[in-house]
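Chemist: build the 3D model from these lines:
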Amino acid sequence: MRWFVLILALLVAPVAAVAAVAQADGYRFDWPLQPRPAVMRTFDAPTPNWNRGHRGVDLAGTAGQRVYAAGAGTVVFAGELAGRPLVSIAHPGGLRTSYEPVQPSVRAGQLVNQGDVIGELLAGHADCPTNACLHWSAMWGPASAADYVDPLGLVATTPIRLKPILAR
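Modeler: The predicted structure follows:
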């Protein structure tokens, strides 16, 4: 039973850390596409990191649609990587988000605010059942040893409301 608790703690810790960073900065991340897109493919973390999996989420969009910075940060990459155009942003606290396939309208070193346009969505994302899909990923820690986390955990979707327990 102890090993189960340890494994659960190791799986939950990166997601909780990402949410804590977002909340410590005084905001939650926004959707990188507007209006709120449909999720076409969910996050499927590989274990260990180098195994097969889906290291982000695919969001339905249309070619030419504006892509927005989900949170404030510094653009660390804007260009083509392994034949795919992408933008990557470093956020305070060690979180990094990436967006592909995106024709960048920003450059490396540029500061962006939450909601700034960072580029234009391109068609051609593999396995996308719609006109175009944005692959949005989030990584915690240095690129050489990054822990991928579900970016949907960063987005404020529904406010949490606690209801009082009535004494009987």
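Chemist: what about residue 148, how many neighbours?
Modeler: By the criterion of other Cβ atoms under 10 Å, residue 148 has 20 neighbours. For every residue, glycine as well, the C-beta is placed using N, CA and C.
Chemist: for residue 140, see how far away it is.
Modeler: 8 Å (Cβ to Cβ, to the nearest Å).
Chemist: am I right that residue 153 falls within a helix?
Modeler: Yes. According to DSSP: H, G, I helix; E, B strand; the rest coil, residue 153 belongs to a helix.
Chemist: most centrally placed residue in the chain?
Modeler: What sits nearest the mean C-alpha location of the chain, by Cα atoms, centre = their mean, is residue 151, with 3.4 Å.
Chemist: that one contacts residue 138, correct?
Modeler: Yes. Residue 151 lies in contact with residue 138 (Cβ atoms under 8 Å); the separation is 4.1 Å.
Chemist: list residues touching both of those two?
Modeler: 56, 97 (Cβ atoms under 8 Å, 6 or more residues apart in numbering).
Chemist: which ones are touching residue 62?
Modeler: Here residue 62 is in contact with 121, 130, 131, 132 (Cβ under 8 Å, 6+ apart).
Chemist: farthest pair in these?
Modeler: Among the contacts of residue 62, the pair separated by the greatest distance (Cβ to Cβ) is 121 and 130, at 10.8 Å.
Chemist: more neighbours: these two, which one.
Modeler: Higher neighbour count among residue 121 and residue 130: residue 121, with 24 against 16, using other Cβ under 10 Å.
Chemist: do I have it right that the more buried one meets residue 102?
Modeler: Yes. Using Cβ under 8 Å, residue 121 makes contact with residue 102 at a distance of 6.2 Å.
Chemist: now do the shared contacts for the two.
Modeler: 67, 134.
Chemist: what is residue 89 paired to in the beta sheet?
Modeler: residue 75, residue 97 (DSSP bridges).
Chemist: quick one: neighbours of it, just the number.
Modeler: 25.
Chemist: for stretch 127-142, give the mean pLDDT please.
Modeler: Confidence for stretch 127-142, expressed as mean pLDDT, is 85.
Chemist: and it, end to end?
Modeler: 28 Å (Cα to Cα, to the nearest Å).
Chemist: same question for that stretch: list its buried residues.
Modeler: By 16 or more other Cβ atoms under 10 Å, the buried positions in stretch 127-142 come out as 128, 130, 132, 133, 134, 135, 136, 137, 138, 139, 140.
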